[in-house]
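S.K.: Take this sequence and fold it.
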Amino acid sequence: MATFRFRSNRWQARVRRLGYPDETRSFLMHQEAERWARTVKPGIEHQSFKWPLKLLCEVSAAFERAAERASLADLHFHDSRHTAITQMADKLPKVIELAAVSGHESLKMLQRYYHPSPQTSALKFG
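M.R.: Sure, this is the predicted structure:
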């Protein structure tokens, strides 16, 4: 997965791959960062959202600025995905529906994002 942030007048691209160390580079132009990310991981899909990538980067950067102002240094826009998926699980009775709505192709990947509370799990068992 590749993420892009605009910091200090440069685009920072970071590619994360399971089993490999993260790779990060900075570029003057967003297109250069995107091109580099594709060479690191061919065929990479930047986001599961259908929003324009530049808009997602701007929203992510605004979120991180707000987190810094609130002294929440280790909070990132992507963290909200964990919260949203966990909350959606309360509305969707079947895990397979949750995977379909969240865009996960496997239940194993969904497991990384779904964090039910012990109380929620206990309620499901009756």
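
S.K.: Could you list the buried residues of the longest helix seen in the chain?
M.R.: Counting residues, the longest helix in the chain under DSSP state H turns out to be helix 53-69. Residues of helix 53-69 classed as buried: Leu56, Cys57, Ser60, Phe63, Glu64, Ala67 (neighbour count, 16 or more other CB atoms under 10 Å). Using the backbone N, CA and C atoms, a C-beta is placed for each residue, glycine as well.

S.K.: do stretch 81-93 as well
M.R.: Within stretch 81-93, the residues scored as buried using 16+ other CB under 10 Å are Ile85, Thr86, Ala89.

S.K.: Then stretch 5-24?
M.R.: Taking 16+ other CB under 10 Å as the neighbour-count basis, stretch 5-24 is seen to contain the buried residues Arg5, Trp11, Ala13, Arg14, Val15.

S.K.: so what's the fourth one closest to, chain neighbours aside?
M.R.: Spelled out, it's Arg14. In this structure, Arg14 finds its nearest non-sequential neighbour in Thr24, 4.5 Å apart by CB to CB, 6 or more residues apart in numbering.

S.K.: Just give me the closest of the buried residues of stretch 5-24 to Glu34.
M.R.: Within the set of the buried residues of stretch 5-24, Ala13 lies nearest Glu34; the separation is 7.4 Å, counting by CB to CB.

S.K.: angle of the helix or strand that closest one falls within against helix 53-69?
M.R.: Element membership of Ala13 [criterion: DSSP states H and E] is strand 10-15. When axes from the mean of the first three to the mean of the last three CA atoms, to 10 degrees is applied, the directions of strand 10-15 and helix 53-69 differ by 100 degrees.

S.K.: With that, I have no additional questions.
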